[in-house]
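Asker: Compute the structure for the input listed below.
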Amino acid sequence: MPDPAYGATVHVDEADDLGPAAVLEVADGARLELSNALLERLAASRRETVQALAGGRPVYGVSTGMGSQAGLAVGTADQTAFQGDLMLARAVGTAPWLDRRSARASVATRLRTLLGPEVGVSPDLVRALAAVLEADLHPALPASGNGAAGEIIPLAHLGGFLTGSGEGLDAAGAVRPAADLLRETGLAPYAFAAKEGVAMLQGVPVATARAVLLAADARAVAEQSLVTAAGGIVCVRAPRDPYDAATARGDAELGHVLGVLRDLVGDEPEPRMLQAPVSFRVVGPALAHLLRSTAQLDAAVRRALTGVSTSPALVDGRFLGTAGFDGFDLAAAADAVRLALLHLAEVGTARLHRMLDPRVTGLPPQLSPEPGRQAGMVVVHKRAVGLVHEARRQSAPAALGATETSLGQEDVQGFALEATEAALAAVRLLRDVTACELVALHQAVLLGGEQARTGSPALQTVLHKAFEALPDETGDRPLGREVTVLTGALGVGWAHGALGAVRIEPSRTPRRTP
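Answerer: Numbers count the residues shown, from 1 in each chain. The predicted structure is shown next:
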């Protein structure tokens, strides 16, 4: 069942009530309550849709086939069953499946994008989706292999889950028939009415949901990277010049980040060097760029949630074909966030390397208590290098690579789902690199004593929260255990909100996206 710590209720009176912040709440276990007024408006738009369907003109995906078979008619007697049948052959995805949190966000986002009057679905369909969330059911939605314009593959899996033809994951993560999971929670399989099946397959709600989670995770890891870099700046007694907000003229985001960073590191009356290594000096611009990229992703999410994403859409009594399935806007924004995250990981890895240099730190080489006999932190750096190298090999933009499918029918893919998945992988990479940097910083604090314990009280407090789970020893030991402890702390929100540092929305402890 949903985490009781996040057991709030999201009240939806208007479609916009189910925005990004509400999707996050639902992902973390909040209930959805749909108002009667909302359901009545849906019923009215449904009546208009049914009336328009009775006009006798061909309607794509309702009275005709889809894709290259749009020129073939579907008989009147077959049209209702056809809507459910649309889910069958399109459900070609396999594991890996989206995690439970991402699946809940996807269901909530699909529900949100079905609320527009141009979609024309019945109140029963949105109630069925809300019931899946209420029962905390986990539809098996593929996380990869979506080689189509839009998201017909994962959405066919979601639609098949509703009808009982698909699959879901139980509490133990085992794949089971959806019909069994529905029955065990007292829910009946849903039967799509006219136009509801094609509506289920349209748009990019899964990528939109993943983008919502990505934006929250990116902001959280930005703050964690900021605090970790601040600890390194203090430890090496770097000059504070690069963090003066006066150097951010014309860049409000950079000015904000530099102001926060300067408050964290405090003054350094006796810098060890005239200029710190570049990886220490570019902290502000790298973080500011990630925040700007994340803001652009936010804007793409808002457009995806509020735009016309169904096709055909009922507008002024006419069914119009649309391009609402195109997810390139989301994909390009997610690719930009991934690039910014990878840059921060590279900068963090370079900064970690400098922490091994006694010329920079004034501490023993490789942060080793017995140089020569003990390795110290050198292999922690090698781990970070290996992770970043692997990410570089896979750093091509996910948004590119469209290929025609369906017997030559033009099919321009946006690859939004792949782009958001790749960016979330970059979040995990930056967490891991940050954990490696924190392990080295802890070692430096132990070796350097008071030299490494300067900086603001707020910085020292939050660093102590990271270090308190680590052993107070400097000799060689299995450091992978400490990296694991710290990646876990980063994943559940270490440093989030404790300092009032980088702006993060919504204002609550983030949950890890696996």
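Asker: And stretch 370-380, what's buried?
Answerer: Gln374, Ala375, Gly376, Met377, Val380 (16 or more other C-beta atoms under 10 Å). For the C-beta atoms, the positions are set from N, CA and C on the backbone; glycine is no exception.
Asker: should've said stretch 87-107
Answerer: Here stretch 87-107 shows 87, 90-91, 93, 97-107 as buried, counting by 16+ other C-beta under 10 Å.
Asker: What separates the first and last residues of it, distance-wise?
Answerer: 16 Å (C-alpha to C-alpha, to the nearest Å).
Asker: Under a three-state scheme, what state does the nearest residue to Gly120 once chain neighbours are set aside occupy?
Answerer: Spatial nearest neighbour of Gly120, chain neighbours left out: Thr49 (2.9 Å); criterion: C-beta to C-beta, 6 or more residues apart in numbering. For Thr49, the assignment made with DSSP: H, G, I helix; E, B strand; the rest coil gives helix.
Asker: can you list contacts of stretch 53-67?
Answerer: Applying C-beta atoms under 8 Å, 6 or more residues apart in numbering, the contact partners of stretch 53-67 are 70-74, 76, 79, 82-83, 86, 194-195, 197-198, 201, 311-312, 319, 321, 406, 409.
Asker: could you say which helix or strand contains the residue positioned nearest the centre of the chain?
Answerer: By C-alpha atoms, centre = their mean, the mean C-alpha position of the chain lies nearest to Leu214, the distance being 2.1 Å. Secondary-structure assignment from DSSP states H and E places Leu214 in helix 205-235.
Asker: what's the spacing between that helix and its chain's center?
Answerer: 10 Å (C-alpha atoms, centre = their mean, to the nearest Å).
Asker: can you pull the buried residues of whichever helix or strand comes after that helix?
Answerer: Under the assignment DSSP H and E, the closest C-terminal helix or strand after helix 205-235 is helix 252-265. Within helix 252-265, the residues that qualify as buried are 253-265, counting by 16+ other C-beta under 10 Å.
Asker: What helices and strands are in contact with helix 252-265?
Answerer: helix 205-235, helix 283-306, helix 457-467 (3 or more C-beta pairs under 8 Å, 6 or more residues apart in numbering; DSSP states H and E).
Asker: Buried residues of the second one, list them for me.
Answerer: Neighbour counts using 16+ other C-beta under 10 Å place 283-294, 296-298, 300-301, 304-305 of helix 283-306 among the buried residues.
Asker: returning to that earlier point: quick check: the residue nearest to the centre of the chain vs Leu486, distance?
Answerer: Distance, Leu214 to Leu486, using C-beta to C-beta, to the nearest Å: 22 Å.
Asker: so which of the buried residues of stretch 370-380 comes closest to Leu344?
Answerer: Lowest distance from Leu344 to the buried residues of stretch 370-380 (C-beta to C-beta) belongs to Val380, with 17.7 Å.
Asker: In a helix, the closest one, correct?
Answerer: Yes - according to three-state DSSP, Val380 belongs to a helix.
Asker: Could you double-check that it sits in contact with His442?
Answerer: No - assessed by C-beta atoms under 8 Å, Val380 is found out of contact with His442, at 10.6 Å.
Asker: The chain - how does it break down into domains?
Answerer: 4-202, 210-491 (automatic domain parsing).
Asker: Where is the longest helix in this structure?
Answerer: Counting by DSSP state H, the longest helix found in the chain is helix 416-448.
Asker: tell me the average confidence for it?
Answerer: Average pLDDT, helix 416-448: 95.
Asker: burial count for Leu274?
Answerer: Leu274 is flanked by 7 other residues according to other C-beta atoms under 10 Å.
Asker: Name the helix or strand for it, please.
Answerer: Counting by DSSP H and E, Leu274 is found in no helix or strand.
Asker: how far away is it from Thr484?
Answerer: Taking C-beta to C-beta, one finds Leu274 at 38 Å from Thr484.
Asker: Over to Pro142?
Answerer: Taken as C-beta to C-beta, the span from Pro142 to Thr484 is 28 Å.
Asker: So between those two, which is more surrounded?
Answerer: For the pair Pro142 and Thr484, the greater number of neighbours falls to Pro142 (21 against 13), based on other C-beta under 10 Å.
Asker: Quick one: residues contacting that one.
Answerer: Gly93, Thr94, Ala95, Pro96, Trp97, Leu98, Ile153, Pro154, His157.
Asker: Now do it against Leu182, distance only.
Answerer: Applying C-beta to C-beta to Pro142 and Leu182 gives a distance of 20 Å.
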